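>>> Below are the sequence and a predicted model; questions follow.
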Amino acid sequence: MTSNPANATHNLVDGSIQKSLIRMTMPMIIGMLMLFTFSLVDTWFISFLGTDALTAISFTFPLTFTIMSLAIGLGIGASAVVAKCLGGSEFARAREAATVINYISLLSACVVVLICWAFMGQIFTLMGASPELLVPIRQYMVVWFPGSVLMVCIMTGNSILRACGDTKTPSILMAAAGLTNAVLDPILIFGLGPIPALGIQGAAWATVIAWSLGFCYLFYLLIHKRELVSRHLPSKEAFSSSGKDMLRIGIPAAGANMMTPLAAGVMTAIAAGFGNTAVAAFGVGARIEPIATLIVLAMSSSLPPLISQNYGAGRMDRVEEAYRIAIRFILIWQLFVYLFLALTAGIIATVFSDDPEVIQAIELFVWIMPVGYGLQGIIILTNSSLNALHRPLSALYLSVARFFVFYVPLAYVGSLYFGLFGFFAGAVCGNLLMALISWRTFNRALSGEHALMEKTA
């Protein structure tokens, strides 16, 4: 039984930055690959139900990702606060913060889910869903929404483990959940023996069951086995102090992450102007993107604990080194990913649809949008690094600027002049401009931290 978080913590303040980053990122790649198969596998099996079902699940993406963004944001806050405490050797405060954070995540998830549930019909109507599509959309969401509360708690719990330098356990949990979902999907969607065919709702049930199993094991691990989270309710003082630290980072981080589904909702509405085939293609592309940017997303989870622990220890030289190594690698890696996707665009499109118009639209997406994934990597890693430096408002401002000054406006303008091609190309141009701004912003933040430390030395 672990009685001190220090005994469950990997020290990220000493040793090679590159080796630490590799050691933490590799398990996250496997875990996130399985995690993102949730939506990708769901989409693939649902595609057998026809174009209408595929379009319906595509409409759900912005709203489901809104809840996931809340989970990611709260997890970022959890990781930044706990990792900084550990870097400064404040182990009791780290456990206190981890305990408070889980209660805040549970309450926040319940509030957001209730709001989304109450306005579900209006939200999807505003996105352009027809009355006929609202029926399958609602069938999926009435199951997915309640289960998503568990997903938020899982993401926060995993972030606490990552803050301790343990990326292996969260990865195993995500992989197990993804595998469970993949096995249950065809059974619940199409039926097997006494189990009836539930259609699109079966995909939601498969996901919720997988989350339930993961939730039970994770919190047994955190509370009883590792003792990283207290079994007792936190005091009012602890709730106030730790809660403020976490929410100061978590709320802006959640807001920044929620810009993604909000922008996706607007982008889906723009795509709806080109017909259901364009919406279906954009929905498929939105599910390919996490797989194509898998290492970016894995590194966005492994890089912040490394930065936060070194920030807590006052090692800004190691913070700068970690950021530059990550950015350089991502740009090179995503170039190879783009070349692979461009060469296999036709194969990818036919996997998800046999409708010639949908296939053509998916191919167009794959040929254009992944050009900007390396640039997108710079943006994502910069935002996660700023949160790790306890500069959440800077990350929030960058996210707002990215989506509503560059990404969406340029995509919209491109669609007006060049149709679906211009829609995708405009989005890439938005990512290019934002990547340059993000790089400059982080370098200015580093200069500010160096100046502050010299002043206080």
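Received it, and whenever you're ready, just let me know what you need. Nothing here was measured: the structure is a model prediction, and the numbers come from that model.
>>> now the helices: where do they sit in the stretch 1-150 of the chain?
With DSSP state H, counting those that start in this stretch as the definition, the stretch 1-150 of the chain shows helices at residue ranges 17-47, 51-87, 91-118, 120-126, 131-163.
>>> can you list the ones you listed in JSON lines and add distance to residue 200 and mean pLDDT?
Every C-beta, even on glycine, is put in place using the N, C-alpha and C of the backbone. Shown next, in JSON lines, are the helices of the stretch 1-150 of the chain (distance: least, CB to CB, whole Å; pLDDT from 0 to 100):
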{"stretch": "helix 17-47", "distance to residue 200": "6", "mean pLDDT": "76"}
{"stretch": "helix 51-87", "distance to residue 200": "5", "mean pLDDT": "78"}
{"stretch": "helix 91-118", "distance to residue 200": "18", "mean pLDDT": "83"}
{"stretch": "helix 120-126", "distance to residue 200": "14", "mean pLDDT": "86"}
{"stretch": "helix 131-163", "distance to residue 200": "5", "mean pLDDT": "88"}
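>>> And residue 96, how far from residue 232?
Using CB to CB, to the nearest Å, one gets 11 Å for the distance from residue 96 to residue 232.
>>> quick one: which of these two has more around it?
Each of residue 96 and residue 232 had its neighbours counted (other CB atoms under 10 Å), and the higher figure belongs to residue 96 (22 against 6).
>>> Quick check: buried residues in stretch 215-231?
When neighbours are counted by 16 or more other CB atoms under 10 Å, the buried residues of stretch 215-231 are found to be 215, 217, 218, 221, 222, 223, 226, 227, 228, 229, 230.
>>> actually stretch 110-125, not the one I typed
Neighbour counts using 16+ other CB under 10 Å place 112, 113, 116, 120, 123, 124 of stretch 110-125 among the buried residues.
>>> what's the answer for stretch 414-429, then?
Within stretch 414-429, the residues scored as buried using 16+ other CB under 10 Å are 414, 415, 420, 422, 423, 424, 425, 426, 427, 428, 429.
>>> how about the CA coordinates for the helix or strand hosting residue 290, as CSV?
In this assignment (DSSP states H and E), residue 290 forms part of helix 276-292. Output in CSV follows, covering the C-alpha atoms of helix 276-292 (Å, rounded to 0.1, in the frame of the first residue of the first chain):
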residue,chain,number,x,y,z
ASN,A,276,-25.6,15.6,-46.4
THR,A,277,-22.8,14.0,-48.3
ALA,A,278,-20.4,16.8,-47.3
VAL,A,279,-21.6,16.5,-43.6
ALA,A,280,-21.0,12.7,-43.7
ALA,A,281,-17.5,13.3,-45.2
PHE,A,282,-16.6,16.0,-42.7
GLY,A,283,-17.8,13.7,-39.9
VAL,A,284,-15.6,10.9,-41.2
GLY,A,285,-12.7,13.3,-41.5
ALA,A,286,-13.2,14.5,-38.0
ARG,A,287,-12.8,10.9,-36.7
ILE,A,288,-9.7,10.3,-38.9
GLU,A,289,-8.0,13.4,-37.6
PRO,A,290,-7.4,12.1,-34.0
ILE,A,291,-5.7,9.0,-35.5
ALA,A,292,-3.6,11.1,-37.9
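>>> packing partners for that helix?
Contact here means 3 or more CB pairs under 8 Å, 6 or more residues apart in numbering; DSSP states H and E; on that basis helix 276-292 packs against helix 17-47, helix 51-87, helix 236-272, helix 316-343, helix 356-368.
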